[in-house]
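**Student:** Dropping the sequence and predicted coords here.
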Amino acid sequence: MTYLDSGQSTHTLRLFRFGVLVLVAFIMLILRLGHLQVAQHQRLSEAASANYTKVERLFGNRGTIYDRKGRILATNRVGFDLYVTPSKVRDVNSLVSSLTPILELDQLGQLELREILMTSDRSERRVATRIVRDLPQDQVARIEEVGARFGGVSVEVKRQRTYPYGEIGAHLIGYLGRPTARELTSRTLAPDEMVGRFGAERLYDEVLRGEHGLRRFVVDARGRPQHEGWAQIASEKVSALQVPTPGRDIYLSVDIEAQTLAYQALDGYESGSVVLMDPRTGELIASVSKPSFDPNIWSGRLTAKAKREIDENPYHPMLDKSVKSYFPGSLYKVVTAIAAMEEGILDPEQPIESPGAYEYGNRIFHCHKRSGHGHVDLNGAMAASADVYFYKLGERMGIDTLAVYGGLFGFGERLLGINGESKGVVPTRAYHEEHSRGGFQHGLSLSSAIGQGAVRTSPLQMAVAFSALANHGVVYRPHLLLESSAVSSQLLEGPPTEGESQLIAERYVPQVIRRLPTASSNIQRVRRALERAVHDPKRATGYRAAPSYGRVAGKTGTAQVKTIVRGYRRLKEQRWEHRDHAWFAGFAPYESPKLSVVVFLEHGGSGGKDAAPVARKILERYQEDIDPIFDVGNGLELTANRRR
């Protein structure tokens, strides 16, 4: 072989090897392309589309809240928010000058707007910043005209929660707010989603809120939606819509007319609560806390000024006083009476001496009437609210026995689970050993017997307890939800017809917590004593609660807060926070109760002089304007005999 033949052979071999390498590389490329086109098609398609598509979360319409007669308490409406994008504004000074008269900006507002528009942060200049929530509709067209002239202004349409009755039902109905950091980690919520923050809005949030949806659309490199040219072709492949599921409508047991009259009945008093309940079912007819707040302001439109005014209000508008616990005073005597009869230490017909004071150990326990009441039986003691009568019962029973019966009525437990509801306090020997200075003292049993000492109850708990007396011993759980489906008001007012079984299955069924394990005769004796507490012509402390239409059973309570100051005028002259709490609780009509009423006036003075007249006003207006619960004929016979 010649040298030339050898070089040619080597060259051929190199070409062959190079060809093999090219072939192998080509085959690998084909295989890789096949893998990408087939096996990885879905993943890569999604990654590619993510570069020119945007996913937007869609929120379903929140369910509407109705009262028991189908009147709207909370619903949705179209709202408008104003945004500015600094990088797009062509003339900052002209824009601020044009927006000032439309938005009624003061000097501080103008300064804040300029700071937003003139920010030097590049990322912030490209982001649309909301400067006004919930624009009035008459301002939208004027603002859009300004935006067209100077640029950088946009108005976004959104769904806004609205409450037609404002502060009248605020604590009961509630409001919406942004989720907290803790809620974002524990629930399937979006940062910009509105959730229930109070009342029924919070209690039934999962029912009202519905489920999220999604919308996917084509955007350019700057994230702006595109609809023409290449975007139109691309959108055919990537656009998708997952329709959100709207929340469900709910019907509450509350009657907004009753809620309104209860709210108005507190006119003239700085702070207090009214609870109206149907003793036959436990349904809440009204629940008022005063002072109130406007939920329209709190549902996404709260300004720093409005929040400061609420925070600085000494009467605490954001505190729901219907579920906060206070000294109940003489209202708690119904527990003492039932306990004493059940324990066999009280003959309700046997008179017991009830002087103006009672000496126990080294302490003197006074009656509200320093001259005393003489010898009284249970009817007389309840009517006159004779303290010494009940001191003696408390002494004989002891605090632990009294606590057992207090717990049976629902005191000391949360009943509705709304607005930071307080359990209250039903004190025992162990409680005082832990919480009281000096531990348990036997005299504390006497204080508990008249609703003082450490006893704390809420107006809601008191409504449940008096409802149990009204219905002869059934303790119902208070309830706010009647129906969670969009049904007509006729369904709520009558028996179901054929085809309504699915809806009926979702309607409220009264829930019995317990039946009082007491003799029905003892309950009836207390009921009779409560009737005397309103209608006894000589002794009744609650006679100012007696309506013109019929007989009422009830009890006044004046709960000492600080020091005893004798005389109604001197009581009124005390500082507000040192005055006594005023209570009235009862049910009507006495013969066949249909409504329980509790009036609580925080530092309101006297149960008989202040709370009882409020209760009478409520009962009479309820009879005249909402539901005639009394047989008018019986009322006419009683009018002439009622004390004035």
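**Tutor:** Noted; the coordinates are in hand. Being a predicted model, the structure only gives us computed values, none of them experimental. Residues are numbered from 1 along each chain as shown.
**Student:** which element is the residue lying closest to Ser520 once chain neighbours are set aside on?
**Tutor:** Of all residues beyond its chain neighbours, the one nearest Ser520 is His472 (6.1 Å), with distances taken as CB to CB, 6 or more residues apart in numbering. Heads up, the C-betas are built off the backbone N, CA and C, glycines and all. Under the criterion of DSSP states H and E, His472 resides outside all helices and strands.
**Student:** Show me what stretch 434-449 is in contact with.
**Tutor:** For stretch 434-449, contacts defined as CB atoms under 8 Å, 6 or more residues apart in numbering pick out 332-333, 336, 358, 360-361, 363, 365, 390-391, 393-395, 397-399, 402-403, 427, 429, 432-433, 453-455.
**Student:** Figure out the length between the terminal residues of that stretch.
**Tutor:** Distance across stretch 434-449, first residue to last, is 20 Å (CA to CA, to the nearest Å).
**Student:** that older thread, how about the contacts made by the residue nearest to Ser520?
**Tutor:** By CB under 8 Å, 6+ apart, the contact list for His472 reads Ser520, Ile523, Gln524, Arg527.
**Student:** In helices, which of these appear?
**Tutor:** Counting by DSSP state H, the part of these found in helices is Ser520, Ile523, Gln524, Arg527.
**Student:** pretty sure Tyr405 is touching Ala340, no?
**Tutor:** No. If you go by CB atoms under 8 Å, Tyr405 and Ala340 don't touch, sitting 9.1 Å apart.
**Student:** which residues are in contact with both of these two?
**Tutor:** Counting by CB under 8 Å, 6+ apart, nothing touches both Tyr405 and Ala340.
**Student:** picking up where we left off before, so which of the ones in helices among the contacts of His472 is the most crowded?
**Tutor:** Of the ones in helices among the contacts of His472, Ile523 is surrounded by the most neighbours, 20 neighbours in total, counting by other CB atoms under 10 Å.
**Student:** That one contacts Leu469, correct?
**Tutor:** Yes. Assessed by CB under 8 Å, Ile523 is found in contact with Leu469 at 6.2 Å.
**Student:** any chance you could map the helices in the stretch 351-500 of the chain?
**Tutor:** For the stretch 351-500 of the chain, the helices defined by DSSP state H, counting those that start in this stretch cover 378-384, 387-397, 399-408, 429-435, 443-449, 459-470, 489-493.
**Student:** can I get those in CSV with mean neighbour count, mean pLDDT and distance to Ser371?
**Tutor:** Conversion of those to CSV gives the following (neighbours: other CB atoms under 10 Å; pLDDT from 0 to 100; distance: least, CB to CB, whole Å):
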stretch, mean neighbour count, mean pLDDT, distance to Ser371
helix 378-384, 25, 96, 11
helix 387-397, 24, 96, 12
helix 399-408, 21, 97, 27
helix 429-435, 14, 95, 32
helix 443-449, 24, 95, 20
helix 459-470, 28, 98, 29
helix 489-493, 14, 39, 53
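**Student:** Nearest to Phe293 among these would be which one?
**Tutor:** With CB to CB as the measure, helix 459-470 is the member of the helices of the stretch 351-500 of the chain nearest Phe293 (18.4 Å).
**Student:** How is this protein divided into domains?
**Tutor:** The chain breaks down into these domains under automatic domain parsing: 55-138+148-248, 258-301+315-484+505-639.
**Student:** Which of those domains sits closest to Glu309?
**Tutor:** Using CB to CB, the domains of the chain put domain 258-301+315-484+505-639 closest to Glu309, at 9.1 Å.
**Student:** Please, where are all the helices along the stretch 51-200 of the chain?
**Tutor:** Using DSSP H, counting those that start in this stretch, helices in the stretch 51-200 of the chain cover 92-103, 107-117, 122-125, 137-150, 170-173, 181-186, 199-203.
**Student:** deepest of those, which one?
**Tutor:** helix 170-173 (a mean of 26; mean count of other CB atoms under 10 Å).
**Student:** So which elements touch that helix?
**Tutor:** helix 199-203, strand 284-290 (3 or more CB pairs under 8 Å, 6 or more residues apart in numbering; DSSP states H and E).
**Student:** Is Thr85 in contact with Ser154, as I believe?
**Tutor:** Yes. Contact criterion CB under 8 Å: Thr85 and Ser154 qualify, at 7.2 Å.
**Student:** anything in contact with each of the two?
**Tutor:** Common neighbours of Thr85 and Ser154 (CB under 8 Å, 6+ apart) are Ala128.
**Student:** tell me, what residue is most central in this protein?
**Tutor:** Nearest to the mean C-alpha position of the chain, by CA atoms, centre = their mean, lies Gly199 at 1.5 Å.
**Student:** residue boundaries of the helices in the stretch 501-644 of the chain?
**Tutor:** Going by DSSP H, counting those that start in this stretch, the stretch 501-644 of the chain shows helices at 501-505, 520-535, 568-573, 612-625, 632-639.
**Student:** least reliable of these going by mean pLDDT?
**Tutor:** Among the helices of the stretch 501-644 of the chain, helix 501-505 carries the lowest mean pLDDT, at a mean of 35.
**Student:** quick revisit: run a quick check on the residue nearest to the centre of the chain versus Tyr163, I expect a contact.
**Tutor:** No. Contact between Gly199 and Tyr163 fails when scored by CB under 8 Å: they sit 10.3 Å apart.
**Student:** what touches both of these two?
**Tutor:** By CB under 8 Å, 6+ apart, Gly199 and Tyr163 have these common neighbours: Ala170, Ile173, Tyr175.
**Student:** a markdown table for these, including distance to Thr556 and pLDDT?
**Tutor:** Output for the shared contacts of Gly199 and Tyr163, formatted as a markdown table (distance: CB to CB, whole Å; pLDDT from 0 to 100):
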| residue | distance to Thr556 | pLDDT |
| --- | --- | --- |
| Ala170 | 28 | 96 |
| Ile173 | 30 | 96 |
| Tyr175 | 34 | 94 |
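**Student:** ok, so of the residues you listed, who is nearest Val614?
**Tutor:** Among the shared contacts of Gly199 and Tyr163, and counting by CB to CB, the member closest to Val614 is Ala170, at 19.8 Å.
**Student:** just to revisit the earlier point, pick the most buried one from the domains of the chain.
**Tutor:** Greatest burial across these, using mean count of other CB under 10 Å, falls to domain 258-301+315-484+505-639, with a mean of 21.
**Student:** Pull the distance from that domain to the chain's centre.
**Tutor:** Distance, stretch centre to chain centre, for domain 258-301+315-484+505-639: 23 Å (CA atoms, centre = their mean, to the nearest Å).
**Student:** for this protein, which strand is longest?
**Tutor:** Secondary structure assigned by DSSP state E gives strand 72-84 as the longest strand of the chain.
**Student:** got the CA coordinates for that one in CSV?
**Tutor:** In CSV, the C-alpha atoms belonging to strand 72-84 read as follows (Å, rounded to 0.1, in the frame of the first residue of the first chain):
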residue,chain,number,x,y,z
ILE,A,72,-83.2,42.5,52.7
LEU,A,73,-80.8,43.0,55.6
ALA,A,74,-77.5,42.6,53.6
THR,A,75,-77.0,42.4,49.8
ASN,A,76,-74.5,43.3,47.0
ARG,A,77,-74.5,46.3,44.7
VAL,A,78,-72.1,47.6,42.1
GLY,A,79,-69.3,49.8,43.5
PHE,A,80,-66.6,51.8,41.9
ASP,A,81,-62.9,52.2,43.1
LEU,A,82,-60.5,54.9,41.8
TYR,A,83,-57.0,53.9,40.9
VAL,A,84,-54.0,55.9,39.7
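**Student:** In the sheet, which strands lie alongside it, parallel or antiparallel?
**Tutor:** Strand 72-84 pairs in its sheet with strand 65-66 (antiparallel), strand 129-132 (antiparallel), strand 153-162 (antiparallel), by DSSP bridges.
**Student:** lowest confidence element among the helices and strands of the chain?
**Tutor:** helix 501-505 (a mean of 35; mean pLDDT, DSSP states H and E).
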